[in-house]
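A.B. asks: no sequence for this one, just the structure:
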């Protein structure tokens, strides 16, 4: 009995030695700040509180109330939703097209194409945002030059409030589509060949195979990829920070951009925490309802 | 699916997508080799008339970018080592060592992946301020110490180690820590490389946290410095492209060298829905 108990105790001790430090770090530098952020969002923490904590007051839900009646918050939320609603389907659509093309038996030089299409994913947002700012330049940019050859007048992409967000969306899609492409490609490779074999024997066309075998098989992976991309796109920040500074006319102020400005420019940490928590609440609600929707559909 | 489309269509799609992906990067390199003002022409030039390194020289001598390049290299390397130190043991413990509450703690960890990191940023800033770590390398590194994703990655991989191997070592009388260091760690090597590449790239590419925690120009990372430069030098197209090359090239080269490991991690990390 004791011969058995000692190894078990040893394993426990080893587990705490190996996992303990990471868990302590996560508790102190992640779990605690998250809880503190909620508490902070219920106070009027600002520059005066940074100078002297006695200036700190408990304000309950006042920060949330104030935010919901601030037009800029709704602008930021609207801009972020615009970015998400257009950007996520575009991004996943392109990932899927790329994955299908790469998976095709007809495709050659697959390794090269896969690497080429994935390359933007590992680049630094700030670095490539600088490139795109020049590609989008009104007078000397390549995009307007190419459009000019088919007779389209120059567009002030980043200076016109109607075009600033679409420009950032195209940039984000360029930067990100390779990521989901790799995941979808792996999912395509996991679909058993006999399914297609059977469909071919039944005389199903290529398009029918796509609709009735490929897409349904990808369903769960597409859902997962959508949720991950959705929550990633809600965290839009560096792109507008570098490319437009939130402008023109606040057309690219995102929720996190607002949080950053409130928190680290104006030092309204109470308000900024409320912004962060609203973002979290929206994300949580969207993710769980998407999952529930998918589960409901899967059951039927 | 496999017969959908002709070879022509498939390759047309691939070539167009590759052009879309690569053109901005190739053009960046080309413009970085142009003389000042050369790229501000219509139609925009594709290649430099006479390639020059003057932009790089200017960057290193005048803008102090060398210093920030060093900072970024140092911080990304330190973040990588710290991440290995904290996450590898934890990942293995969650996979293979029985301890009370293991499954429950792990479930909480995975669930908390839905919390956007930015939620923690404001109190973390205040916490680090009270510890005197604002505006220091330490402040940048704190969020990189342990990561749930890293623990998850190592755990998934460690679960494939055959139990008999560990059992045999236990029967021989080896202690658990000895087993970890002399048997498990060598077996985990591939996933250690994966974790290292992921952490290095994430740290190098990170923008928001270093922007917040570092105010001193001497300590800034390359992306933050580049963002600042690009606000000042809007017109200096060629100079900014040289800065972009410096920022973008190291992660690209690292990825190309260790692609296999990186893509494995990407797929392993996305299994969990």
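C.D. replies: That came through, no problem. Quick caveat: nothing in here was measured; it's all calculated off a predicted structure.
A.B. asks: Contacts only, for the closest residue to residue B:150 other than its chain neighbours.
C.D. replies: Among residues not flanking residue B:150 along the chain, residue B:87 sits closest, at 3.5 Å (C-beta to C-beta, 6 or more residues apart in numbering or on different chains). Just so you know, the C-beta spots here come from the backbone N, C-alpha and C atoms, and that holds for glycine as well. Residues counted as contacts of residue B:87 (C-beta atoms under 8 Å, 6 or more residues apart in numbering or on different chains) are A:22, B:146-147, B:150-151, B:153-154, B:195.
A.B. asks: so who does residue B:235 touch?
C.D. replies: Per C-beta under 8 Å, 6+ apart, neighbours of residue B:235: residue B:40.
A.B. asks: and it, helix, strand or coil?
C.D. replies: Per DSSP: H, G, I helix; E, B strand; the rest coil, the local secondary structure of residue B:235 is coil.
A.B. asks: That one and chain A, how far apart?
C.D. replies: From residue B:235 over to chain A the distance is 10 Å, taken as C-beta to the nearest C-beta, to the nearest Å.
A.B. asks: what sits against the residue of the stretch 51-200 of chain A found nearest chain B?
C.D. replies: Ranked by C-beta to the nearest C-beta, the top residue of the stretch 51-200 of chain A for proximity to chain B is residue A:127, at 3.6 Å. By C-beta under 8 Å, 6+ apart, the contact list for residue A:127 reads B:223, B:226, B:243-245, B:247-248.
A.B. asks: For residue 59, the count of nearby residues, please.
C.D. replies: By default, I'm working from chain A. Residue A:59 sits with 17 neighbouring residues when counted by other C-beta atoms under 10 Å in any protein chain shown.
A.B. asks: Please refer instead to chain B.
C.D. replies: Neighbours around residue B:59, by other C-beta under 10 Å: 22.
A.B. asks: circling back to that earlier point, redo the contacts of residue A:127 as a markdown table? Include neighbour count and pLDDT.
C.D. replies: Formatted as a markdown table, the contacts of residue A:127 follow (neighbours: other C-beta atoms under 10 Å in any protein chain shown; pLDDT from 0 to 100):
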| residue | neighbour count | pLDDT |
| --- | --- | --- |
| B:223 | 28 | 94 |
| B:226 | 28 | 92 |
| B:243 | 30 | 93 |
| B:244 | 29 | 95 |
| B:245 | 22 | 96 |
| B:247 | 29 | 95 |
| B:248 | 30 | 95 |
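A.B. asks: now those as TSV including secondary structure and distance to residue A:90?
C.D. replies: Shown next, in TSV, are the contacts of residue A:127 (DSSP: H, G, I helix; E, B strand; the rest coil; distance: C-beta to C-beta, whole Å):
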residue	secondary structure	distance to residue A:90
B:223	helix	25
B:226	helix	27
B:243	helix	29
B:244	helix	24
B:245	helix	28
B:247	helix	26
B:248	helix	23
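A.B. asks: would you turn those into a markdown table with distance to residue A:106?
C.D. replies: Shown next, in a markdown table, are the contacts of residue A:127 (distance: C-beta to C-beta, whole Å):
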| residue | distance to residue A:106 |
| --- | --- |
| B:223 | 40 |
| B:226 | 41 |
| B:243 | 41 |
| B:244 | 36 |
| B:245 | 35 |
| B:247 | 37 |
| B:248 | 32 |
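A.B. asks: Also within reach of chain A: list those from these.
C.D. replies: Contacts with chain A within the contacts of residue A:127, as defined by C-beta under 8 Å from any C-beta of the partner chain: B:223, B:226, B:243-245, B:247-248.
A.B. asks: count of residues packed around the nearest residue to residue A:115 once chain neighbours are set aside?
C.D. replies: Distances taken as C-beta to C-beta, 6+ apart place residue B:259 nearest to residue A:115, at 6.7 Å, with adjacent residues excluded. If you count neighbours by other C-beta under 10 Å, residue B:259 ends up with 16.
A.B. asks: Need the max-distance pair from the contacts of residue A:127.
C.D. replies: B:223 and B:245 (13.2 Å; C-beta to C-beta).
A.B. asks: Quick check: the gap between the residue nearest to residue A:115 and residue A:121.
C.D. replies: 11 Å (C-beta to C-beta, to the nearest Å).
A.B. asks: Residue A:146 too?
C.D. replies: For residue A:146, the distance to residue A:121 - C-beta to C-beta - is 24 Å.
A.B. asks: Also residue A:77?
C.D. replies: 27 Å.
A.B. asks: Could you list which of the contacts of residue B:87 belong to strands?
C.D. replies: With strands defined by DSSP state E, no entry of the contacts of residue B:87 lies inside them.
A.B. asks: Chain neighbours aside, what residue packs nearest to the residue nearest to the spatial centre of chain B?
C.D. replies: Geometric centre of chain B, nearest residue: residue B:201, 1.6 Å, by C-alpha atoms, centre = their mean. For residue B:201, ignoring the flanking residues on the chain, the nearest one in space by C-beta to C-beta, 6+ apart is residue B:251 at 5.1 Å.
A.B. asks: what sits against that neighbour?
C.D. replies: A:122-124, B:200-201, B:204-205.
A.B. asks: Could you rerun that using 7 Å?
C.D. replies: Neighbouring residues of residue B:251 by C-beta atoms under 7 Å, 6 or more residues apart in numbering or on different chains: A:122-124, B:201, B:204-205.
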